[in-house]
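Asker: Structure of the sequence below:
(chains A and B)
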Number of protein chains: 2
Amino acid sequence: MSRTSPAGTPLGDAFHVYDTTLRDGAQREGISYSVTDKLAVARLLDSLGVGFIEGGWPGALPKDTEFFHRAAAGELELRHAALVAFGSTRRAGGTAADDEQVRALLDSRAPVVTLVAKSDRRHIERALRTDVAENCAMIADTVRFLVGEGRRVFLDAEHFFDGFAYDPDTSLRVLESAMDAGADVSVLCDTNGGQLPTQLAETVTEVVARTGYRVGIHCQDDTSCAVANTVAAAQAGATHVQCTANGYGERAGNADLFAVVGNLATRLDMPVLPEGKLTELTHVSHALAEIANLAPDTHQAYVGASTFAHKAGLHASAIKVDPELYNHIDPARVGNSMRVLVTEMAGRASLELKGAELGLDLSDSPEAVTGAVRRVKELESRGWSFEAADGSLELLLRREMAAAKGEPSDVAGAPFELESHRVVLDRRPDGEVVSEATVKVHVNGHRVIATAEGNGPVNALDAALRQALVPHLPWLDEVELADYKVRILTDASGTDAVTRVLVDSRDDEQEWTTVGVHGSIVEASWLALRDALAFKAMRRRESVVVAAS
Amino acid sequence: MSRTSPAGTPLGDAFHVYDTTLRDGAQREGISYSVTDKLAVARLLDSLGVGFIEGGWPGALPKDTEFFHRAAAGELELRHAALVAFGSTRRAGGTAADDEQVRALLDSRAPVVTLVAKSDRRHIERALRTDVAENCAMIADTVRFLVGEGRRVFLDAEHFFDGFAYDPDTSLRVLESAMDAGADVSVLCDTNGGQLPTQLAETVTEVVARTGYRVGIHCQDDTSCAVANTVAAAQAGATHVQCTANGYGERAGNADLFAVVGNLATRLDMPVLPEGKLTELTHVSHALAEIANLAPDTHQAYVGASTFAHKAGLHASAIKVDPELYNHIDPARVGNSMRVLVTEMAGRASLELKGAELGLDLSDSPEAVTGAVRRVKELESRGWSFEAADGSLELLLRREMAAAKGEPSDVAGAPFELESHRVVLDRRPDGEVVSEATVKVHVNGHRVIATAEGNGPVNALDAALRQALVPHLPWLDEVELADYKVRILTDASGTDAVTRVLVDSRDDEQEWTTVGVHGSIVEASWLALRDALAFKAMRRRESVVVAAS
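Answerer: Residues are numbered from 1 along each chain as shown, chains lettered A, B, ... in the order given. Sure thing, here's the model as predicted:
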């Protein structure tokens, strides 16, 4: 159907899984993605195998403009998904080619553009303050222009369901103006989120029957039915579903990508992700929560930590014998696991899987797995989380493997030893704020003391540590701190709580994440920084071994 | 239909809103109600006007036995709802009258009993290890006995949908055995939570058509469709809906009572609560979260704090004129309210809306609005965000209003002046971590120096500040730190970034949020703490003025 190169879905063009976490998801109260965050989100979504990733609104939001620029400049290589730019039609009275906003869509270099347009007559007249004819002309002109420039175009028909109930002819005219001009999909949006599945499915069926258009669906969760509405629409003939990771979005949120995909794939046997990707659902969901700096929802369908947890009680043995009688699907299909008798088995299996993912063969090290399961459980009970901290987890697994073989555990240790550190933070009477850190470390047989300033305690500590170490370990200079996240783990106890710090580091070759947890944010940061450098040292030792062999 | 005194629904018996927060809801990982909690939950649910409150499983759980005992002894006076005891049928091979568990149901003195029974042949044979005939005899005997003792009886048909798909005749025989013996309602349970609305509605329609029984519905949320499934069942002929407050329940949870009631009442115009009670939805939801010791879900349909929040931006003026175009219902109908989030794109319209929400009349202070817009934009460009920090925003608006009137801006200032502070963080060679803070402040004409320790820098600073101020401003002791959030704002610059801190504070009367931003987390925390105390001082001055006038 596409007039342009078929910006691609990994399973062909028959069904579109379309993610809008980076645009509509970012509307959630409290989410504020940096451009680096946005790139990381897009990579994770692509690794899951979604067909389309809406990256933002270039031209309207400076961060989104920069995101598309950096993506086009080579910072985002997508294996599965096509990148989509979102934007509005030309302004009333102008031409598409001269419209600055429309130009920004082209300049984004995204192969697909989703145009939002009003499809409820009341919105056209009262909010847009124009008439139906001009609204349709704005859509048709813009679609025709973008298609002429080689873009694939989808139409987000805003407030479609309310509009269709109020004045169906106007709403259908809006779709027609886009499709006749070359748009590929008419996405029916429940913008105010008031729909329930039975009525919504009837409307989708009617629109498909009356128009023959390819129809998509975009639901908000104001009735707590966004997932159900999306699935009902797919059953009624929609072949394009717009979702956000974990249902992030404005007000009550959007349709949760993971629940929609889980339902389509496992309950309706629709292969909407590439082979083998469904098992990534849980991991990707949790990693995206980390990037959004939100706690994963423990009770979320398919991917929540509690979602296959059974308070065993009387049925423990029955569940053990016949788990399929007590779970609607095998949780392993979506990368989740059943928890009944907090089984070592579940822990072992997931750590072995994780080890394999990290390239570690744990199959002949049962003691290493036992040790690692014990250590992970102990740390998690104190607030640690390895969901997003692959770097720290790999270090932990390697330490346990070394211990099981009787090797020294410093194969995965830091390349230095800390004696002590001190951070002094002054706010002086003149208002100046000074942060100063001193570290005392032992490295390559030397005792080094270094002091540095920074714009905050962690920055000062990092600077002092580098000052102490780089003269002795010059390759540490290659490590760059890419991002730094803090979560306070608290139960209504205010500042008297535990702090979890995640540090993303990178060098020329890869990026890794480490974690630290402590009552003091500075000590938690220290632990994560230390692991970040230990990880680099481990990779370096490996490459030295490879080079020598 | 009832053979006994019609244990009552406030709107007659035509439609049952049945709450099982105290039994199925308590299965949620992390919930542990005391008996006192259970009584408080029941009172709140009754005040909302639900028809039935399932109190627990007397005889199986000691706390539940005690709950029914205390309820019957006069500690629970219900104005609307009937109390329900949940339990199982007699054991295989015995008689109902001699069964200890069945006796416990009678002893509970609850007027209504819900019996759970297996309705999936695989569960009857593999988990219960009996045959269909004996299973049905167990049900019929128990129902007949309880009805004979004057109880109204409902049947929870466990695993009904999976069982009906596998062997419909067995599942219907199970219902028949209960209804022929005198049960009132056949509650079809999606125990494993795998249903989607379209299929579920078809099954409900078929069961109603084939049996003519009064049918109820009980859904789990494993597909994220529990609310949609419950509503779809009601549309397909079910006249009894089982829900839990906020969707609490095992695994992914149950159908959320507030979303189901919200949908039925506002979207389908079914008057399922007594007149005037719908506006209690938001308050009761939040109060029940408090009792469960869980943070209210800010994005929950109908009742969430963010659920009617709009990131205003360009559409602020449209929302101001036509709020009904942007909300699926008037939030006041469910006791919630619309909030406009002041974000990057803040303009005059959204600040005026926000001011009105905070009770400030800015209409005759155009200069104050101009000043506030300028100040908000300037701060936001440096990483501040007032989206969640109403406390800091109110202080800012009041300062601008005072400035516009030529009044001193300290009407919204802190009740003290800082000279300096210093925080020292030590990690000693023995591994011990110590945080110590010293503040020098001027308060009520005194210069005060205080030093305190804490488990981290912010905690130490807060402790030192309180130590310095409380002897002079004893009312500051009422301020409690409720929560503390940290976000690092970074673009690929690692620890060299800006930190944003949000502090939630509360006293006996209200809760407020303040914000601070700085390169150093400690200084950012300081700014948010200072605003938190300034807010308290402002409220106190107002109440003093009101008391004096």
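Asker: Which positions in the stretch 51-200 of chain A make contact with chain B?
Answerer: Counting by C-beta under 8 Å from any C-beta of the partner chain, the residues of the stretch 51-200 of chain A close to chain B are A:Asp120, A:Arg122, A:His123, A:Arg126, A:Ala127, A:His159, A:Asn192, A:Gly193, A:Gly194, A:Leu196, A:Pro197, A:Thr198. (C-beta placed from N, C-alpha, C; glycine too.)
Asker: Out of these, which one has the lowest pLDDT?
Answerer: Among those, A:Ala127 carries the lowest pLDDT, at 86.
Asker: gap between the closest residue to it other than its chain neighbours and A:Val334?
Answerer: In space, A:Ala127 comes closest to B:Ala318 once its chain neighbours are excluded; the distance is 4.4 Å by C-beta to C-beta, 6 or more residues apart in numbering or on different chains. Counting by C-beta to C-beta, to the nearest Å, the separation of B:Ala318 from A:Val334 is 41 Å.
Asker: before we move on, what about A:Glu176?
Answerer: 39 Å.
Asker: Which one of these two is surrounded by more residues?
Answerer: Legend: neighbour count by other C-beta atoms under 10 Å in any protein chain shown for A:Glu176 and A:Val334, higher for A:Val334 (25 against 16).
Asker: what's near enough to touch the nearest residue to A:Asn254 once chain neighbours are set aside?
Answerer: Spatial nearest neighbour of A:Asn254, chain neighbours left out: A:Thr244 (4.2 Å); criterion: C-beta to C-beta, 6+ apart. A:Thr244 makes contact with A:Asp19, A:Thr20, A:Thr21, A:Asp24, A:Gly25, A:Gly253, A:Asn254, A:Ala255, A:Asp256, A:Leu257 under the criterion C-beta atoms under 8 Å, 6 or more residues apart in numbering or on different chains.
Asker: With A:Thr499 instead?
Answerer: A:Val486, A:Arg487, A:Ile488, A:Leu489, A:Val517, A:His518, A:Gly519, A:Ser520, A:Ile521, A:Ala524, B:Gly456, B:Val486.
Asker: Which phi and psi values does the fifth one adopt?
Answerer: Yep, that's A:Val517 we're talking about. Phi and psi for A:Val517, reported as degrees, to the nearest 10, are phi -130, psi 130.
Asker: ditto for the second one
Answerer: As for A:Arg487, its main-chain torsions (degrees, to the nearest 10) stand at phi -130, psi 130.
Asker: Am I right that it is in contact with A:Leu294?
Answerer: No - applying C-beta atoms under 8 Å, one finds A:Arg487 not in contact with A:Leu294, separated by 9.1 Å.
Asker: Which parts of the stretch 401-549 of chain A are strands?
Answerer: Along the stretch 401-549 of chain A, counting by DSSP state E, counting those that start in this stretch, strands occupy A:417-427, A:433-443, A:446-454, A:480-489, A:498-506, A:511-518.
Asker: before we move on, what about chain A?
Answerer: With DSSP state E as the criterion, chain A has strands at A:16-19, A:52-56, A:82-88, A:112-118, A:152-158, A:185-190, A:215-219, A:240-243, A:417-427, A:433-443, A:446-454, A:480-489, A:498-506, A:511-518.
Asker: Format the strands of the stretch 401-549 of chain A as a markdown table; extra columns: distance to A:Ala97 and mean pLDDT.
Answerer: Listed next are those as a markdown table, based on distance: least, C-beta to C-beta, whole Å; pLDDT from 0 to 100:
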| stretch | distance to A:Ala97 | mean pLDDT |
| --- | --- | --- |
| strand A:417-427 | 55 | 94 |
| strand A:433-443 | 51 | 95 |
| strand A:446-454 | 50 | 95 |
| strand A:480-489 | 39 | 79 |
| strand A:498-506 | 41 | 87 |
| strand A:511-518 | 40 | 90 |
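Asker: what residue ranges in the stretch 251-400 of chain A are flagged as low confidence?
Answerer: Applying pLDDT under 70 to the stretch 251-400 of chain A flags the ranges A:311-321, A:339-347, A:349-350, A:353, A:387-388.
Asker: got the residues of it near chain B?
Answerer: So far as C-beta under 8 Å from any C-beta goes, the stretch 251-400 of chain A lies against chain B at A:251-253, A:256, A:259, A:262-263, A:267-268, A:293, A:298-302, A:304, A:306-311, A:315, A:318, A:321-322, A:325-329.
Asker: let's see 7 Å
Answerer: Taking C-beta under 7 Å from any C-beta of the partner chain as the contact definition, the stretch 251-400 of chain A meets chain B at A:251-253, A:256, A:259, A:263, A:267, A:293, A:299-301, A:304, A:306-309, A:311, A:318, A:322, A:325-328.
Asker: Give me the buried subset of these.
Answerer: Neighbour-count burial (16 or more other C-beta atoms under 10 Å in any protein chain shown) applied to these gives A:251-253, A:256, A:259, A:263, A:267, A:293, A:299-301, A:304, A:306-309, A:318, A:325-328.
Asker: Name the nearest residue to A:Thr20, sequence neighbours excluded.
Answerer: With sequence-adjacent residues excluded and distances taken as C-beta to C-beta, 6+ apart, A:Thr20 is closest to A:Glu54, at 4.3 Å.
Asker: Show the model's pLDDT score for the one you found.
Answerer: 98.
Asker: Quickly list the domain ranges of chain A.
Answerer: As given by automatic domain parsing, the domain ranges for chain A are A:16-291, A:308-345, A:416-472.
Asker: Pick the most buried one from these.
Answerer: Highest mean neighbour count of the domains of chain A: domain A:16-291, a mean of 22 (counted as mean count of other C-beta atoms under 10 Å in any protein chain shown).
Asker: Can you report how many residues lie near A:Pro366?
Answerer: A:Pro366: 12 surrounding residues under other C-beta under 10 Å.
Asker: cool, and the one 4 residues further on?
Answerer: Using other C-beta under 10 Å, A:Thr370 has 16 other residues around it.
Asker: That one and chain B, how far apart?
Answerer: 25 Å (C-beta to the nearest C-beta, to the nearest Å).
Asker: Distance check, that residue against A:Glu352.
Answerer: Counting by C-beta to C-beta - A:Thr370 and A:Glu352 are separated by 11 Å.
Asker: repeat for A:Leu358
Answerer: 11 Å.
Asker: got it, and A:Ser119?
Answerer: 51 Å.
Asker: how far away is the residue nearest the centre of chain A from chain B?
Answerer: Geometric centre of chain A, nearest residue: A:Leu288, 2.9 Å, by C-alpha atoms, centre = their mean. According to C-beta to the nearest C-beta, A:Leu288 and chain B sit 16 Å apart.
Asker: And A:Ala403, by the same measure?
Answerer: 21 Å.
Asker: again with A:Ile31
Answerer: 10 Å.
Asker: can you count the residues close to the closest residue to that residue other than its chain neighbours?
Answerer: Closest residue to A:Ile31 apart from its sequence neighbours, by C-beta to C-beta, 6+ apart: A:Ala292 at 5.2 Å. Neighbourhood size, A:Ala292 [other C-beta under 10 Å]: 22.
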